[in-house]
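Enquirer: The following comprises the amino acid sequence and a computationally predicted model.
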2 protein chains.
Amino acid sequence: MSEPKTPDAAAPRGPVKKHARNGKSSATIYDIAKVAGVNPSTVSRALSKPGRVSAKTQKLIEDAAAELNYHVNPFARALPTGRTSTFGLIVADITNPTFFDIIRGAETTATARDYTLVLAESAESAVTELKAARRMMATVDGLILASPRMDDDEIRALARDKPVVVINREVDGVPSVVPDVNKGISEAVRSLAANGHTKVAFVAGPPQSWMSARRWEGVQAACEWSRVDAVRLESTKPTVDGGRQVARDVRASGATAVLTYNDLLAIGLMQELQAAGMVVPDQISIVGFDDIFGADFTTPPLTTVRSPLGECGSVAATLLLGLLHDSGEPASTVRVETELVLRGSSGRLLPAG
Amino acid sequence: MSEPKTPDAAAPRGPVKKHARNGKSSATIYDIAKVAGVNPSTVSRALSKPGRVSAKTQKLIEDAAAELNYHVNPFARALPTGRTSTFGLIVADITNPTFFDIIRGAETTATARDYTLVLAESAESAVTELKAARRMMATVDGLILASPRMDDDEIRALARDKPVVVINREVDGVPSVVPDVNKGISEAVRSLAANGHTKVAFVAGPPQSWMSARRWEGVQAACEWSRVDAVRLESTKPTVDGGRQVARDVRASGATAVLTYNDLLAIGLMQELQAAGMVVPDQISIVGFDDIFGADFTTPPLTTVRSPLGECGSVAATLLLGLLHDSGEPASTVRVETELVLRGSSGRLLPAG
DNA sequence: CAATTATTGGCAACCGGTTGACAAGCGGCT
DNA sequence: AGCCGCTTGTCAACCGGTTGCCAATAATTG
C-alpha cells in the first residue's frame, strides 16, 4: 500500500477479456487444435481443404470440433480470403410483387448452396440503387440486380469489381437473365386478334425500364404480324394507382384491348374501367404482364403474359455461383420463356348495346 | 552460393501479394496513414472515434481518405470488435405477402440507420428456422423473428447470445411487437352482429401459430360480448389453397359469417364459395386478417382486420437498434393497433331465395 | 519561466482463420 | 541398402482494422 496510485505493471489484473463475449465465446480452431493435439493450421486445412490431411487426423479434428460445438468465424475467414459466402440482391421495390418470386428464387438457390442472401431496395431510384450496390460490394461475393435503374456504364463498373448478374435487362458484357417476351406476347396478340380485336393499346412502364421498351417492341411486332393496330400510352408509375390514372387515356384511345407493362397497371386499369361501368372482357379486354401474386384474385381473373420470375431469381443465383466458382465462363444472356396465361379478363368483344 | 538449400533469412523475397486483388485493391488505413503522414492507429481513431484526434489531423486524414476513395473493410472491423452493422430478419415464408410489408419496414429502418438487413426464410418449418437463426447469429448484431415457429425456449436461447426481437408473438423475457387484435376484432364482430349475423365461424391458422391462438381468443371474447355464436374450424395451411379446402366445412358449419386467420385463407374461401354459386356478402360475409397486398383486388373487395405490418417491421428494427446501442432497456412488448377495414365482402345477410 | 496537466500520436498486440514454404515421415523402387 | 518422390504436419506471415498503454508535445498555470 505504498504507492496507491502508481499503475503497477507487476499487478496482474487477470484476464479481463474486455468484451466479455457474453459467456461462452465460441470455440476457435486453436481450441480444437489443443483438444486434438495438432497444429491450428492443420485444423484449418482439415475443415476447409478436403483430402489435405490423413483420415485419422481428420476424424480426430472433426470429433473435437463437434465436441466443442465449433463454428467458423465468417469474418476471420473473409479477412484473408475475401470470400464471404454471401451475395447481394438489389430490387427496385420490395413491395412490388414482381420481385417476390425473384427474391424467393434467389434465396432458395443461395441457401441450398450455403450462401446467404443480403437484400436491398432502391426505391425505384438510380441513385439509391447505386449507393446500395456500392455499399454491398464490400461485403458480398457477387451481386444480382433485378430490373436495375442505373445506366449501363455504372453496371459495367460494378461488374469489374465483383461478379454481377442482371435480371430483366441486357447489359453488354454483363451476364443476365431475361424473359424472352416474344412468345408470350405473340400468343397474347394472336388470341386477341382471333377474338376480333383490331386495335390494341400498350400501356408503357417507366421510361428507364429496359423491359418496358422490349415489351413495346414485342407488341408492335406481334401486332404487325397479326395486322392489328398498336398504340402506345404512357403511365405515370407502374402501380395499381398508375393503372387507374391511365384509364382515361385508354378509353380515349379507342382500343378494344389493352396490354399493360405489368399486372399492377392492369389491375388498376380494370378496377377503374369497371368502376366506370365497363364490362371486362365484354367491352374491353385487358392483358397484364408477369403473372404476379394476386393476378387471379380479380374478377374476372387477369389474363397475363407470365414471366417465370422465380426461375429468373434462381437462374441468376446459379449463374452467379457459377461465376464465383468456375470463374471462367463469360456466361452471357440466359433467356427464359414467357407464356400467355389465359384467364377471364380477355376475350371476344360483344357488340355494343 | 555455398549453402544453396539453407533458408537464408537475409534473402528478402519481396512483397509477393499472392491474391493480386484484381487490380486496384481498395485502399487501407495504412495507405491513408502514408499519404497523411501519420500512424495507422491515428487514422483508425480519426475515422471511428470522433474527437479523439486534433482537428487538423482529422482533416488531413479525411482528405487523404477521400482522395484514395477509402471504404472500411467491414470484416477487418468486425473481427476484433464483433460489431457488424448488420441484422437478420427471419420470416416463415417469403412469398406470403404478410411479410412483405414487415420486410420493407425493417429494411427501410435498417438502411436509415446504416444497418444492413439480411433475410432468411424458414419455409414454415421450425427446424429450418432454427438452423437459419443459428447460421445468422454468427454474422449479425441482432435478429428479428417474424411469426417464429420454434418454441419459446429456443427463442430465449437465441436471445441470450444476441439481441432478439420477435414480431407477432409474445415470448417471456424477449422484447416483441404484436398487433393488439382486440380492437380490430371487436369492431369486426360488432359490425357483423349489427348486420344480423348470429353465428360466425373462425378458420384457424397453423397450430403452432401464437397469433392464431390470440385471434381465436379475441373472436370468442368479442362474440360472447355481442351474443353471437362462435365456432372454430381448422385449416390445412394458411394459404389461398387452404382457404379453398376449408369451404366445405364452412358451409357445413351453418355460419353466415366467417373470420379467417389471414387474408389468404379468406380469398381462397371466397373464390371457392363463389365458384359454388354463393353470393358474397348476400349469402355469407367474409372477413380476413392483416390487409395484405391484393386484399382489395377481389370482387367484392375483402373486408379485413388490418395489422400495421410495415409498422411492425419498422418498430421491431427500432427496438433492436435500441438494444444494440443503449444496451439497457429491457423493452418488453410493444403493441400496435389493429382496425377493421370495411370493404365489400361483409354486410347484411339477404333472406334466402 | 519552469512545472504541471491535458492532448495527441505512436507502438504493438490482438481478433481468428488461411496459406506458401519447408521438413519430416514413409513406402516403393531399382 | 539407398534414393526418390509423395504425403502429412508445422511454422510463420499475413488479411485490415482496433485499442490499451505510454511518450511526446502542447497548453495551462503558479
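Expert: Perfect, I can see it now.
Enquirer: Buried ones in the helix or strand harbouring A:F202, by neighbour count?
Expert: Here A:F202, judged by DSSP states H and E, is contained in strand A:199-203. Using 16 or more other CB atoms under 10 Å in any protein chain shown as the test for burial, strand A:199-203 gives A:200-203. In this view, the C-beta of every residue, glycine as well, is placed from N, C-alpha and C.
Enquirer: Save the residues you listed as a markdown table, and put in pLDDT and distance to B:S235 too.
Expert: Conversion of the buried residues of strand A:199-203 to a markdown table gives the following (pLDDT from 0 to 100; distance: CB to CB, whole Å):
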| residue | pLDDT | distance to B:S235 |
| --- | --- | --- |
| A:V200 | 97 | 41 |
| A:A201 | 98 | 42 |
| A:F202 | 98 | 41 |
| A:V203 | 98 | 38 |
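Enquirer: How far off centre is the next helix or strand along the chain from the strand holding A:F202?
Expert: Next helix or strand after strand A:199-203 toward the C-terminus (DSSP H and E): helix A:210-225. Taking CA atoms, centre = their mean, to the nearest Å, one finds the center of helix A:210-225 at 23 Å from the center of the full chain.
Enquirer: cool, and stretch A:259-274?
Expert: Mean-position distance between stretch A:259-274 and its chain equals 23 Å (CA atoms, centre = their mean).
Enquirer: circling back: what is the nearest of the buried residues of strand A:199-203 to chain B?
Expert: Among the buried residues of strand A:199-203, A:V203 lies closest to chain B (CB to the nearest CB), at 17.7 Å.
Enquirer: Tell me how far the residue in the stretch 1-150 of chain A that DNA strand C sits nearest to lies from B:L233.
Expert: Closest contact between the stretch 1-150 of chain A and DNA strand C, by CB to the nearest atom of the strand, is at A:S41 (2.8 Å). For A:S41, the distance to B:L233 equals 62 Å [CB to CB, to the nearest Å].
Enquirer: any chance you could map the helices in the stretch 201-350 of chain A?
Expert: Applying DSSP state H, counting those that start in this stretch to the stretch 201-350 of chain A gives helices spanning A:210-225, A:240-253, A:263-275, A:309-325.
Enquirer: Give me whichever of these is most buried.
Expert: Of all the helices of the stretch 201-350 of chain A, helix A:263-275 carries the top mean neighbour count, a mean of 24, counting by mean count of other CB atoms under 10 Å in any protein chain shown.
Enquirer: wait, doesn't A:V174 sit right on A:P163?
Expert: No - in this structure A:V174 lies outside contact range of A:P163 using CB atoms under 8 Å: 9.4 Å.
Enquirer: circling back: report the separation between the residue of the stretch 1-150 of chain A closest to DNA strand C and B:V165.
Expert: Distance of A:S41 to B:V165, given as CB to CB: 40 Å.
Enquirer: try A:R343
Expert: Shown here: A:R343 relative to B:V165, a distance of 41 Å by CB to CB.
Enquirer: neighbour count winner among the two?
Expert: B:V165 (28 against 19; other CB atoms under 10 Å in any protein chain shown).
Enquirer: On the three-state scheme, the more buried one is what?
Expert: Here B:V165 is strand, with the state taken from DSSP: H, G, I helix; E, B strand; the rest coil.
Enquirer: related to what we said a few turns ago, mind checking which of A:S41 and B:L233 has more residues around it?
Expert: Legend: neighbour count by other CB under 10 Å for A:S41 and B:L233, higher for B:L233 (18 against 10).
Enquirer: Name whatever forms a beta bridge with the more buried one.
Expert: Here B:L233 sits in beta bridges with B:V203, as judged by DSSP bridges.
Enquirer: so how many other residues sit close to the residue nearest to A:E170 when sequence neighbours are not counted?
Expert: Leaving aside its sequence neighbours, A:E170 sits nearest to A:S176 (CB to CB, 6 or more residues apart in numbering or on different chains; 5.3 Å). Neighbour count of A:S176, defined by other CB under 10 Å: 26.
Enquirer: and if you look at A:K56?
Expert: A:K56, neighbours per other CB under 10 Å, totals 8.
Enquirer: Double-check that it belongs to a helix.
Expert: Yes - looking at A:K56 with three-state DSSP, it is inside a helix.
Enquirer: how close does it sit to A:D63?
Expert: A:K56 sits 11 Å away from A:D63, going by CB to CB.
Enquirer: what's the answer for A:P163, then?
Expert: Applying CB to CB, the value for A:P163 to A:D63 is 37 Å.
Enquirer: Who has more neighbours out of these two?
Expert: Between A:P163 and A:D63, A:P163 has the larger neighbour count (other CB under 10 Å), namely 22 against 13.
Enquirer: Any idea which residue of the stretch 101-250 of chain A lies closest to DNA strand D?
Expert: Closest point on the stretch 101-250 of chain A to DNA strand D, by CB to the nearest atom of the strand, is A:A138, at 9.4 Å.
Enquirer: got the contact list for A:G310?
Expert: A:G310 sits next to A:101-102, A:104-105 when contact means CB atoms under 8 Å, 6 or more residues apart in numbering or on different chains.
Enquirer: sorry, back to before: hmm, A:L320 and the residue nearest to A:E170 touching each other?
Expert: No - judged on CB under 8 Å, A:S176 makes no contact with A:L320 at a distance of 11.2 Å.
Enquirer: anything in contact with each of these two?
Expert: A:V165.
Enquirer: got CSV for the contacts of A:G310, with pLDDT and neighbour count too?
Expert: Below are the contacts of A:G310 laid out as CSV (pLDDT from 0 to 100; neighbours: other CB atoms under 10 Å in any protein chain shown):
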residue, pLDDT, neighbour count
A:D101, 88, 23
A:I102, 93, 28
A:R104, 89, 20
A:G105, 93, 24
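Enquirer: Of those residues, which belong to helices?
Expert: With DSSP state H as the criterion, helices contain A:101-102, A:104-105 from among these.
Enquirer: tally of neighbours for A:A46?
Expert: For A:A46, the neighbour count with other CB under 10 Å is 26.
Enquirer: And for A:R113?
Expert: 14.
Enquirer: Return the distance of the closest residue to it other than its chain neighbours relative to DNA strand C.
Expert: Closest residue to A:R113 in three dimensions, ignoring its sequence neighbours and counting by CB to CB, 6+ apart: A:L321, at 5.6 Å. Taking CB to the nearest atom of the strand, to the nearest Å as the measure, A:L321 falls 18 Å from DNA strand C.
Enquirer: and A:L321, what is it in contact with?
Expert: A:109, A:113, A:115.
Enquirer: Of those, just say which sits nearest to chain B.
Expert: Using CB to the nearest CB, A:Y115 comes nearest to chain B of the contacts of A:L321, at 10.8 Å.
Enquirer: Now name the helix or strand holding the nearest residue to A:A317 once chain neighbours are set aside.
Expert: Spatial nearest neighbour of A:A317, excluding adjacent residues (CB to CB, 6+ apart): A:T109 at 3.8 Å. Secondary structure assignment for A:T109, by DSSP H and E: helix A:97-112.
Enquirer: Please enumerate residues in contact with that helix?
Expert: Residues from elsewhere that reach helix A:97-112, judged by CB under 8 Å, 6+ apart: A:87, A:89, A:91-93, A:116-117, A:119, A:144, A:146-147, A:167, A:262-264, A:290, A:292-294, A:309-318, A:321, B:94-95, B:97, B:100, B:119-121, B:132, B:293-294.
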